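# The amino acid sequence is not available; the structure is as follows:
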């Protein structure tokens with residue numbers, strides 16, 4: 001059975017480089033539509049049912065704004 005995961009992105013720490021979006025093999029991250037206090041559109045966890053908890057997004061985030069964990073499924 002494939003792993004399932006969950007991603008939390010700290011929108012205030014995200015500077016919108018979108019490295020996480022490019023690194024995600026499942027396409028579960030997207031550019032947000034709401035500005036943070038820095039004037040950036042932080043990435044958001046958009047398609048959770050497809051997340052495989054690979055943590056690629058966590059690994060590439062230069063701002064340490066991402067947390068990934070496995071969920072029972």
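Done, it's in. Keep in mind that what you see is a predicted model, and the values were worked out from it rather than measured. Residues are numbered from 1 along each chain as shown.
# alpha carbons only for contacts and neighbour counts from here, please
Noted.
# and residue 30, which of the three is it?
Reducing the assignment to helix, strand or coil with DSSP: H, G, I helix; E, B strand; the rest coil, the entry for residue 30 is strand.
# For it, give me its contacts.
Contact criterion CA atoms under 8 Å, 6 or more residues apart in numbering gives 21, 43-46 as the residues in contact with residue 30.
# can you check residue 68 too?
5-8, 53, 55, 58.
# That one falls within a strand, correct?
Yes. With three-state DSSP as the criterion, residue 68 is located in a strand.
# Which residue is the nearest non-sequential neighbour of it?
Distances taken as CA to CA, 6 or more residues apart in numbering place residue 7 nearest to residue 68, at 4.6 Å, with adjacent residues excluded.
# and that neighbour, what helix or strand is that in?
Taking DSSP states H and E as the criterion, residue 7 maps to strand 4-9.
# Quick check: end-to-end length of stretch 25-34?
Across stretch 25-34, the terminal residues are separated by 24 Å (CA to CA, to the nearest Å).
# which of the residues in it are buried?
27-32 (16 or more other CA atoms under 10 Å).
# cool, and stretch 8-16?
Going by 16+ other CA under 10 Å, stretch 8-16 has these buried residues: 9, 11, 13-16.
# And for stretch 36-43?
Taking 16+ other CA under 10 Å as the neighbour-count basis, stretch 36-43 is seen to contain the buried residues 36, 40-43.
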